[in-house]
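Visitor: test case, fold it:
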Amino acid sequence: MKILFLGDVMGRAGRTAVTTHLPRLRQDWKLDFVVVNGENATGGMGLSEPHAQLLLDAGADVVTLGDHAFDQKDMLGFIAREQRLIRPLNYAKVAPGVGARVFDAPQGRKVLVAQVLGQVFMKRAFDDPFSALDAVLRQYPMGGQVAASLIDMHCEATSEKMAMGHFCDGRASIVVGTHTHVPTGDAMILPGGTAYLTDAGMCGDYNSVIGMDKAEPLRRFITGMPKERFTPAADEATLSGLYVETDNLTGKATRIAMVRQGGRLQQAGPD
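Guide: Numbers count the residues shown, from 1 in each chain. Here you go, the predicted structure:
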C-alpha cells in the first residue's frame, strides 16, 4: 500500500500548498491513502469546518488534529458529524470525536489511523499516550483486521517520539511525529518493520518562525515583551511529509522517503 502523511498545515500558505500539490501527488504517485495533520490550518490555531472540508476535498482521506484540536469552536460540532477527523486519543475524555478509527482503502483493505499527545514539555498534562495506544494496537493488529496502521505522535520532545516509535515497532506500519513544525532527517524503517520519522515538519512558509511571520516572535525573543498577535507567514509554502510503502500481507513498511514539495526546502519524494 502507498501511504502519504503530510505534516502540520500552517495557515493559508499551508492550505494552498496542500490544494496545489496533493491532487497531483495522489495521481502521479498512485497513492492509496493520505493522512494530513490539519490542526494549525486556520490562522495557525486550530481547524475550522470549512478548512477541514478543504483538506478533505483536496485528497486527504483522514485529517488529524492535536493539542489545538478545538481552538476553533465549530470543530466541537463538526468532528461529531465527520468521521474522517481524528483528535488525540488521550485528550479529555469528554471531548467529542475519537482518537482512533479504521478506514476503508482501495481493494477492500482497512487502515487504522490513531493520534496521541505526548506529555513532555506540553502546556498541560495529558493521559499516558503509551497505555492508550497499546489498547488500540492490541485490538487492531497488522495483518489481521487492518492492512496498515498509522500513528500520529503529536508532541514536543524528540525522545518521547522516538520512544513511541520503538514501542510500536512491529505493531504499526508508520509512527510519525508532528507538532514542532521542523522536519527531521531521520526517516528509517525500524527493526520490526515500522516506518519512523521524528517530525514530518509543516506544510507552511519556512521563511518564518515555525510558520509564523518572523516579526512578532523575534520581538518577543529579543525583548521578552509581546506587542501583537502571532500571524502565519504568507509566502509560498513547502509541502512536507512522509511517503511509505507497506507489505499488503504483514502491514510492515518496505520503503520510506521524506517528502518536500515546493517552497524553500529541497524538493524530494519517492521518485
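Visitor: going by C-alpha atoms from here, please, whenever you check contacts or count neighbours.
Guide: Will do.
Visitor: can you mark which positions in the helix or strand of the chain with the lowest mean pLDDT are buried?
Guide: Ranking every helix and strand in the chain by mean pLDDT, DSSP states H and E puts helix 215-223 at the bottom, with a mean of 93. Of the residues in helix 215-223, E216, P217 count as buried by neighbour count, 16 or more other C-alpha atoms under 10 Å.
Visitor: can you show me the CA trace of it as CSV?
Guide: What follows is helix 215-223, C-alpha atoms only, in CSV (Å, rounded to 0.1, in the frame of the first residue of the first chain):
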residue,chain,number,x,y,z
ALA,A,215,8.5,39.9,13.3
GLU,A,216,6.5,39.2,16.5
PRO,A,217,8.3,36.0,17.5
LEU,A,218,11.7,37.8,17.1
ARG,A,219,10.4,40.8,19.2
ARG,A,220,9.3,38.5,22.0
PHE,A,221,12.6,36.6,22.0
ILE,A,222,14.7,39.8,22.0
THR,A,223,12.6,41.9,24.3
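Visitor: so how far is that helix off the chain centroid?
Guide: 28 Å (C-alpha atoms, centre = their mean, to the nearest Å).
Visitor: quick one: the helices in the stretch 51-200 of the chain?
Guide: Here the stretch 51-200 of the chain has its helices, by DSSP state H, counting those that start in this stretch, at 75-81, 129-139, 158-168.
Visitor: quick check, G46 in contact with T64.
Guide: No - in this structure, G46 is not within contact of T64 by C-alpha atoms under 8 Å, at 11.0 Å.
Visitor: please enumerate the shared neighbours of those two.
Guide: G38, E39 (C-alpha atoms under 8 Å, 6 or more residues apart in numbering).
Visitor: the two - which one has more neighbours?
Guide: T64 (27 against 24; other C-alpha atoms under 10 Å).
Visitor: distance of G241 from V36?
Guide: Using C-alpha to C-alpha, to the nearest Å, G241 is found at 9 Å from V36.
Visitor: got it, and F103?
Guide: Counting by C-alpha to C-alpha, the gap from F103 to V36 is 14 Å.
Visitor: on that earlier part again, which residues sit against the least confident helix or strand of the chain?
Guide: V209, M225, P226, K227, E228, R229, F230.
Visitor: please repeat the previous calculation with a cut-off of 6 Å.
Guide: P226 (C-alpha atoms under 6 Å, 6 or more residues apart in numbering).
Visitor: centroid-nearest residue for the protein?
Guide: Nearest to the mean C-alpha position of the chain, by C-alpha atoms, centre = their mean, lies N37 at 3.5 Å.
Visitor: give me the beta-bridge partners of that residue?
Guide: Beta-bridge pairing for N37 (DSSP bridges): T64.
Visitor: how far off centre is stretch 72-82?
Guide: The answer for stretch 72-82 is 18 Å, by C-alpha atoms, centre = their mean.
Visitor: need the CA coordinates for it. CSV is fine.
Guide: Extracted C-alpha coordinates of stretch 72-82, given in CSV (Å, rounded to 0.1, in the frame of the first residue of the first chain):
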residue,chain,number,x,y,z
GLN,A,72,-11.9,26.8,16.5
LYS,A,73,-15.2,26.3,18.3
ASP,A,74,-17.1,25.0,15.3
MET,A,75,-14.9,21.9,15.4
LEU,A,76,-16.8,20.7,18.5
GLY,A,77,-19.8,20.1,16.4
PHE,A,78,-18.2,19.2,13.1
ILE,A,79,-16.0,16.4,14.4
ALA,A,80,-19.0,14.7,15.8
ARG,A,81,-20.5,14.6,12.3
GLU,A,82,-17.4,14.0,10.2
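Visitor: let's number from 7 now, not from 1
Guide: Yep, numbering from 7; the last one is stretch 78-88 now.
Visitor: before we move on, back to that, which one of F109 and V42 is surrounded by more residues?
Guide: Set side by side, F109 and V42 show more neighbours around V42, with 25 against 17, by other C-alpha under 10 Å.
Visitor: can you give me the end-to-end distance of stretch 211-230?
Guide: Length of stretch 211-230, first residue to last, C-alpha to C-alpha: 24 Å.
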